[in-house]
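*Asks:* Here you go, sequence then predicted model.
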Protein chains: 2
Amino acid sequence: MSEISTLGEFGLIDRLTDGLKNVNDSTLRGVGDDAAVMHYESDRDVLVTTDLLLENVHFDLTYVPLKHLGYKSAVVNFSDIYAMNGTPRQITVSLGISRRFEVEHIEELFSGIRLACERYGVDLVGGDTSASHQGLVISITCLGDARRSDIVYRDGAKPTDLICVSGDLGASYMGLQLLEREKVASAGMKDFQPDFAGKEYLIERQLKPEARRDIVEELAKAGIKPTAMMDVSDGLSSELMHICKQSHTGCRVYEDRIPIDYQTAVMAEELNMNLVTAALNGGEDYELLFTVPLTAHDEISKLKDIKVIGYVTEESLGCAMITRDGGEIPLKAQGWNPLAEKQE
Amino acid sequence: MSEISTLGEFGLIDRLTDGLKNVNDSTLRGVGDDAAVMHYESDRDVLVTTDLLLENVHFDLTYVPLKHLGYKSAVVNFSDIYAMNGTPRQITVSLGISRRFEVEHIEELFSGIRLACERYGVDLVGGDTSASHQGLVISITCLGDARRSDIVYRDGAKPTDLICVSGDLGASYMGLQLLEREKVASAGMKDFQPDFAGKEYLIERQLKPEARRDIVEELAKAGIKPTAMMDVSDGLSSELMHICKQSHTGCRVYEDRIPIDYQTAVMAEELNMNLVTAALNGGEDYELLFTVPLTAHDEISKLKDIKVIGYVTEESLGCAMITRDGGEIPLKAQGWNPLAEKQE
């Protein structure tokens, strides 16, 4: 293991960015100057999103491998660009590194970031590196592009639109519960072997989520442009309410249509948690939540891994879930709110 | 004072971004969706730069007012865009907020960021807000634009080019020394009044630096395009060596030509520090360091607040300072290296 201070900031950056190749035509200059330089085709708008990840708020290095953390940190940003119906093109990565990390740790983290970039065709074009007297700090900004006519905002939903969601919900949250449980169980034990048998999907959803590029491509191929879209990072309930608030609409979602994986259900049972609550509020699903015109019903029903879960209403009707027995429960944005946390 | 948890993330963001108006044509959508949306004229390249600022590494809230901190955090990013000979247009701001901060503290910080944006004509288009279990974390990314033919990189310096620097150097570093000294002197004392009389310039340079937009505009007006340029954030010596390394050149700078303010000199004397060392390595000057062809000598000499401090040589001659007595001292990149710090 090598101490970071022996390399210095510029030495470390050289090592982390060694062999980087840019794959996007829009990237003119990457790492190595005061700023990176891009040029986007004149028919493209530029998208920018950013995420800040802090140790012990967003991740716990007790059970999160650094390579997975790097991968996820990049992917959650790509997810925001796809949620605009765009294509991620470039990222910048800023790191605050505490002294317990060696060069090899940061290389591990970066190998995850670089793997994500490779898989999603994104160029790493810049960043900043600093010591941190606290924990690990990761700040990633992602640039993407889209034709203006393709961009989907949150505010375009109209009454009668169908509400759709990709994949399934709640698995990442259950994965987190599982990891936390095993962390408690392993406390103070050496060579503890956590038991994840039959729950691999939950762990993968939590530690190594993917952004739904495939859904964006599938929709484009089918000629369907959503009227509103966002990714599910804070929980379906919270995100639905964002779309409805910004679109000045209400909504109805059917409890029995919310897509939930078998492993998620088993885990909720095991933990004695309400399954639907977990699926509605768990967060970190990185699925796409979107609305399409009612006329797209037949087309959308044919697409794989997309489920219609409800419909958009007039604003005055509010946001509610229709339960299995036909009752209505108002949706609440209980979503993951790191600012309300009481720890420190 | 109001607790941040009562507002939640979205409530806080609403409050911080209340009344924001975008001034750049290139900003199509700002805060409020998965990503901000921009469109740049087809003759413009897009520049992106990012800076991560961590409490007790980059700033000490014992003596840095939050509004100044916000202002400086934004300005140091603008400085990087000017250093490319571009114009800053948009920023995103991510904050990690520890629980000792109230809503009003963060509003104070944001008022500094917004003031900087207003003064420099930059739009605040997005960001991320989170709890921090550690200190305050500020991550800012700045987008800018420039005509491709106007962009100045670090690698274009040619032997015989003149080396120029704007303003003066070392004052910010001396301001930091002064603030640190008063912090020590005030430890444990109530109602301590620090004595900054006659040293206001040093304090201002440290707490509220400006980016040299005026220099970029002045050069454009005079029809001078630098061959290489960067801003002085880590110290003149370190930055000069970056330009020379990337341009495959050497350089000579004259000790007696390094611009130093009177207050900086007095303070160095008081602290028994080597003045030239401080000016070469102090950092955080946010002045522009650039090279111009020898033929621009007469033109550049007429411009105010720009000084020719040396010239570019063949690479084999290395980087050196010519002392007052005509000797040569090799330049060293002693610049501020936060990764080499031993604290934690």
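*Replies:* Sure thing, it's come through.

*Asks:* How about the contacts made by residue A:122?
*Replies:* Applying Cβ atoms under 8 Å, 6 or more residues apart in numbering or on different chains, we find residue A:122 in contact with A:24, A:74, A:78, A:88, A:89, A:90, A:91, A:116, A:142. Backbone N, C-alpha and C define where each C-beta goes, glycine included.

*Asks:* Could you give the number of residues near the closest residue to chain B within the stretch 1-150 of chain A?
*Replies:* Scanning the stretch 1-150 of chain A for the residue nearest chain B gives residue A:134, at 2.9 Å (criterion: Cβ to the nearest Cβ). A count of neighbours around residue A:134, defined by other Cβ atoms under 10 Å in any protein chain shown, yields 23.

*Asks:* hey, where'd the strands end up in the stretch 1-150 of chain A?
*Replies:* Along the stretch 1-150 of chain A, counting by DSSP state E, counting those that start in this stretch, strands occupy A:27-29, A:36-38, A:44-54, A:87-97, A:123-131, A:137-147.

*Asks:* The third one versus strand A:87-97: what angle between them?
*Replies:* In other words, strand A:44-54. Relative orientation of strand A:44-54 versus strand A:87-97 (axes from the mean of the first three to the mean of the last three Cα atoms, to 10 degrees): 30 degrees.

*Asks:* name the helices or strands packed onto strand A:44-54?
*Replies:* Here strand A:44-54 touches helix A:66-82, strand A:137-147, strand B:36-38, strand B:87-97, strand B:123-131, strand B:137-147, going by 3 or more Cβ pairs under 8 Å, 6 or more residues apart in numbering or on different chains; DSSP states H and E.

*Asks:* Within its sheet, name the partner strands of it and how each one runs.
*Replies:* strand A:137-147 (antiparallel), strand B:36-38 (antiparallel) (DSSP bridges).

*Asks:* Quick check: mean pLDDT of the shortest one?
*Replies:* Summarised as a single mean, pLDDT over strand B:36-38 is 97.

*Asks:* Can you verify my assumption that the residue of the stretch 1-150 of chain A closest to chain B contacts residue B:96?
*Replies:* No - Residue A:134 is beyond contact range of residue B:96, at 9.0 Å (criterion: Cβ atoms under 8 Å).

*Asks:* got any residues that touch both of the two?
*Replies:* B:132, B:134.

*Asks:* buried ones in stretch A:296-314?
*Replies:* A:296, A:300, A:303, A:306, A:307, A:308, A:309, A:310, A:311, A:312, A:313 (16 or more other Cβ atoms under 10 Å in any protein chain shown).

*Asks:* hmm, who's touching that stretch?
*Replies:* A:157-167, A:214-215, A:218-219, A:222-224, A:244, A:247, A:249-254, A:257-259, A:291-292, A:294, A:322.

*Asks:* hmm, 7 Å instead?
*Replies:* Here stretch A:296-314 makes contact (Cβ atoms under 7 Å, 6 or more residues apart in numbering or on different chains) with A:157-167, A:215, A:218, A:222, A:224, A:249-254, A:257-259, A:291-292.

*Asks:* How about stretch A:195-215?
*Replies:* A:64, A:68, A:71-72, A:75, A:78-79, A:82, A:120, A:166, A:171-172, A:174-176, A:178-179, A:261, A:263-264, A:267, A:284, A:286-288, A:305-306.

*Asks:* Can you say which of these are buried?
*Replies:* A:64, A:68, A:71-72, A:75, A:78-79, A:82, A:120, A:166, A:171-172, A:174-176, A:178-179, A:261, A:263-264, A:267, A:284, A:286-288, A:306.

*Asks:* how about the residues of the stretch 51-200 of chain A that lie near chain B?
*Replies:* With Cβ under 7 Å from any Cβ of the partner chain as the criterion, the stretch 51-200 of chain A meets chain B at residues A:51-52, A:54, A:56-57, A:80-81, A:83-84, A:92, A:94, A:96, A:98-99, A:125-135, A:137, A:139, A:141, A:143-144, A:151, A:153-154.

*Asks:* Whichever of these end up buried, select them in PyMOL.
*Replies:* Here is the PyMOL command that selects only those of those that count as buried (16+ other Cβ under 10 Å):
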select buried, chain A and resi 51+52+54+56+57+80+81+83+84+92+94+96+99+125+126+127+128+129+130+131+132+133+134+135+137+139+141+143+144+151+153+154
